[in-house]
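K.L.:
Just the structure for this:
(chains A and B)
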Amino acid sequence: MITESDIEHIAELADIGISKDEVPEFTTQFNAILDYFEVLDTVEGESAPDAGAVNVFRDDEPRPGLSQEEALANAGSTENGFIKAPRVM
Amino acid sequence: MAGTLEFSPDDRYNAFITTCSTAPFTDGALAGTAIAVKDNISTAGIQTTCGSKILKGYVPPYDAYVVELLRQAGAAIVGKTNMDEFGMGTTTETSAFGPTQNPADPSRVPGGSSGGSAAAVAAGLVPMALGTDTGGSIRCPAAFCGIVGLKPTYGRVSRYGLIAYANSLEQIGPMARTVEDVSRLMSVIAWYDPRDSTMLDRPYDHRPTAEIKGLRVGIPEEYFGEGVDPRVAESVRDAIGVLEGLGAETVPVSIPGMRHALAAYYVICTSEASSNLARFDGVRYGPAVDTRKSWHEAYQDLRQEMFGTEVRRRIMLGTFALSAGYAGRYYAKAQVARRNIKEDFERAFCDADIIAGPTMPTTAFRLGEKSDPLSMYLSDILTVPANLAGIPAISVPCGKVDGLPVGLQLMGRQFEDERVVDAAYAYEQEVRA
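P.N.:
Now for the predicted structure:
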């Protein structure tokens, strides 16, 4: 059973803003969906074994990419050829 | 015969988010053919929104590989089609640009999430369109609008330039009014691309043939069970009868893992979405984040305002399913369920060459009918197994119930897309004759 404070915590973890008046409905819907997910408790078998797949790597050679101008074209806020972001600290 | 196509459609069903009034084209297999592209596939110089406010005004600096291939084949890209926000929905109602209506009955949804592509084709605005299918998003709207749609084998069409929602499940695929056109479009887009590391070099170069004598058609009881409208099931059984009339034989098969399919699908797709959608922060693209606020505050405020409710719900569900203490119960179990379903199909394909059933359990819903998220999720039960197993699946129209189209779904072995196309073609040619 997920509580309203769990929902607020998950929203915080996911960096999804949530307003006070949305919390009760999200909580109800979450619980209905998680009830449905309980069917997974009846899944038989252990965690997936190694399927024998191998990673295929290419050599780390430089290839053409976006120009600086193209890379900045969609950024909302730039300064001296850099992308500007909110402060982290 | 290079040139420019003028395109000013009467978009009465809100099928498009963006239209291109003049679309250039070149010589090639699709020279001058108007093609609509779902709005989660990157198009250089043409706005690409994923149906979301968070990408409003975003103009990709490069083409997805499938778009590059379309242009090389001479296609005229005439617009970007409406969709559920980031592909998260079964109705096209979660789009930030308003719902699309179903041309077969405008009081109904076109299905989703590629509802704009299906409506544009069904309304005759374009002969062909690209959609994407994560859990049924090509086949559902094809069935609801009465057109043909193919979800290719996972790894057959490059996802380079597709804005990711759930990478391990989704594929780009063709939608059109006929099986032949679906096959033509597939042969243009299915070429190897080293930039998609989940691809295999298995190009599709095929012309459909209607010869299906001796084809073994598996009928899974799970596809005709509880929740499936009996009238839809009857239409599909009649269609299977047509295949038998053409010399196919039916065999009973079983996919017992179906009982876990929907829960496994929703755990996996929301988990992948919670990671994929972290990039939408208003810093590199989309409406600008307020750089005067602190990071988390700015990020949370922007995402609350710019993401729709269903997208926020799925990001939160995925975050929860992957969180410490719950990942073993949800994500790990879902992966086991996924493997079991894949093995069920492998077993079934020992006795059958293709598997047939309804695409959707019902005909198209009324606009606004699926307001509760779980009831919307449940309607994906017949389409998600093919995504979990990575196998090809096509939806082809097979009659109507109360005037609304029904889709026959045909699934095949991995990399046997040609076989499901041939079976769909045989059916289509027979009922059109």
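K.L.:
what ranges do the strands span in the stretch 301-433 of chain B?
P.N.:
Counting by DSSP state E, counting those that start in this stretch, one finds strands in the stretch 301-433 of chain B at the ranges B:354-358, B:393-401, B:404-412.
K.L.:
out of the ones you listed, which comes closest to B:Tyr425?
P.N.:
Nearest to B:Tyr425, of all those, is strand B:393-401, at 8.5 Å by C-beta to C-beta. C-beta: built from backbone N, CA, C; applies to glycine.
K.L.:
tilt between that closest one and strand B:354-358?
P.N.:
Going by axes from the mean of the first three to the mean of the last three C-alpha atoms, to 10 degrees, strand B:393-401 is angled at 40 degrees with respect to strand B:354-358.
K.L.:
still on that earlier bit, could you dump the strands of the stretch 301-433 of chain B into TSV with mean pLDDT and distance to chain A added?
P.N.:
Supplementary listing: the strands of the stretch 301-433 of chain B in TSV, determined by pLDDT from 0 to 100; distance: least, C-beta to the nearest C-beta, whole Å:
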stretch	mean pLDDT	distance to chain A
strand B:354-358	98	21
strand B:393-401	98	22
strand B:404-412	98	21
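K.L.:
I'd like those as a markdown table, with mean neighbour count appended.
P.N.:
Converted to a markdown table, these look like this (neighbours: other C-beta atoms under 10 Å in any protein chain shown):
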| stretch | mean neighbour count |
| --- | --- |
| strand B:354-358 | 26 |
| strand B:393-401 | 25 |
| strand B:404-412 | 27 |
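K.L.:
okay if I get those strands as a markdown table plus distance to B:His206?
P.N.:
Listed next are the strands of the stretch 301-433 of chain B as a markdown table, based on distance: least, C-beta to C-beta, whole Å:
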| stretch | distance to B:His206 |
| --- | --- |
| strand B:354-358 | 15 |
| strand B:393-401 | 13 |
| strand B:404-412 | 13 |
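K.L.:
B:Tyr192 is nearest to which of the ones you listed?
P.N.:
Set against B:Tyr192 and scored by C-beta to C-beta, the strands of the stretch 301-433 of chain B come closest in strand B:404-412, at 20.2 Å.
K.L.:
okay, the closest one in PDB with CA atoms only?
P.N.:
What follows is strand B:404-412, C-alpha atoms only, in PDB (Å, rounded to 0.1, in the frame of the first residue of the first chain):
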ATOM      1  CA  LEU B 404     -16.300   0.300 -36.700                       C
ATOM      2  CA  PRO B 405     -13.300  -1.400 -38.100                       C
ATOM      3  CA  VAL B 406     -11.800  -4.600 -36.600                       C
ATOM      4  CA  GLY B 407      -8.200  -5.700 -37.100                       C
ATOM      5  CA  LEU B 408      -6.800  -9.200 -37.700                       C
ATOM      6  CA  GLN B 409      -3.400  -9.500 -36.100                       C
ATOM      7  CA  LEU B 410      -0.800 -11.900 -37.600                       C
ATOM      8  CA  MET B 411       2.400 -12.600 -35.700                       C
ATOM      9  CA  GLY B 412       5.500 -14.400 -37.000                       C
END
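K.L.:
tell me the angle of it relative to strand B:393-401?
P.N.:
Going by the same axes, to 10 degrees, strand B:404-412 makes 150 degrees with strand B:393-401.
K.L.:
Can you tell me which helices and strands strand B:404-412 packs against?
P.N.:
With contacts defined as 3 or more C-beta pairs under 8 Å, 6 or more residues apart in numbering or on different chains; DSSP states H and E, strand B:404-412 has these neighbours: helix B:139-145, helix B:230-245, strand B:354-358, strand B:393-401, helix B:417-432.
K.L.:
Pick the most buried one from the ones you listed.
P.N.:
For the helices and strands packed on strand B:404-412, the largest average neighbour count (mean count of other C-beta atoms under 10 Å in any protein chain shown) is found in helix B:139-145, namely a mean of 35.
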